[in-house]
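*Asks:* What would the 3D arrangement of this be:
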Amino acid sequence: MELEAKENELYKKSSELTSKIEELEMNIERYKKDYALLIAEVERIKSEMDKVTIKVNRSKQLINNLSSERTRWEFSSQDIKNQTANLIGDCLLSGAFLTYLGFFDHSYRKFLNLEWKQLLSSVGIKYNENLSYLEFLSKPSERFEWQ
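*Replies:* Numbering: from 1, shown residues only. You can find the predicted model right below:
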């Protein structure tokens, strides 16, 4: 009887241990699935982070490019304002050049040009100090054809 009691006790312990092992194996499987899901989520987040990083870098590059464009536009805008302010004087000098200076030699042309500039300054008409008649009176495409 004592042997049977021990056998039953051992059988009971064996059952409990087998049950515990099965429970632990089920837990292990569940944890493996949870781990796999978490790893997949981490990979998805890393992929999303990479995409966001690329977008941020492109945005920064765009902002830098636009800020340099803005500088260029401001310079162009200021240049147009200067050209507009000098337009009347430049037109008067160019018209006088075309009308009167064709017959004279270089030194007299230079003298008359200086006189006209002083006259414009005395009446308050602005003009471009470095006015190139060639550039003012022709288009870039025409100058290109001359070459």
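*Asks:* Can you tell me how far the residue most central in space within the chain is from residue 140?
*Replies:* By CA atoms, centre = their mean, the chain has its centre lying nearest to residue 62, at 2.0 Å. Going from residue 62 to residue 140 by CB to CB, to the nearest Å gives 31 Å. Placement of C-beta: from N, CA and C, glycine included.
*Asks:* Residue 103 too?
*Replies:* Using CB to CB, residue 103 is found at 29 Å from residue 140.
*Asks:* So what's the gap between the helix or strand that contains the residue nearest to the centre of the chain and the chain middle?
*Replies:* Using DSSP states H and E, residue 62 maps to helix 2-100. Distance of helix 2-100 from the chain centroid (CA atoms, centre = their mean, to the nearest Å) equals 18 Å.
*Asks:* what sits against residue 18?
*Replies:* By CB atoms under 8 Å, 6 or more residues apart in numbering, the contact list for residue 18 is empty.
*Asks:* in this structure, what spans have low per-residue confidence?
*Replies:* For the chain, not a single residue meets the criterion pLDDT under 70.
*Asks:* Can you tell me what sits against the helix or strand harbouring residue 134?
*Replies:* Assessed by DSSP H and E, residue 134 sits inside helix 133-137. Residues outside helix 133-137 that contact it (CB under 8 Å, 6+ apart) are 90, 93-94, 97-98, 143.
*Asks:* In JSON lines, list those residues along with distance to residue 115 and neighbour count.
*Replies:* Shown next, in JSON lines, are the contacts of helix 133-137 (distance: CB to CB, whole Å; neighbours: other CB atoms under 10 Å):
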{"residue": "90", "distance to residue 115": "16", "neighbour count": "20"}
{"residue": "93", "distance to residue 115": "11", "neighbour count": "21"}
{"residue": "94", "distance to residue 115": "16", "neighbour count": "15"}
{"residue": "97", "distance to residue 115": "12", "neighbour count": "18"}
{"residue": "98", "distance to residue 115": "17", "neighbour count": "11"}
{"residue": "143", "distance to residue 115": "28", "neighbour count": "11"}
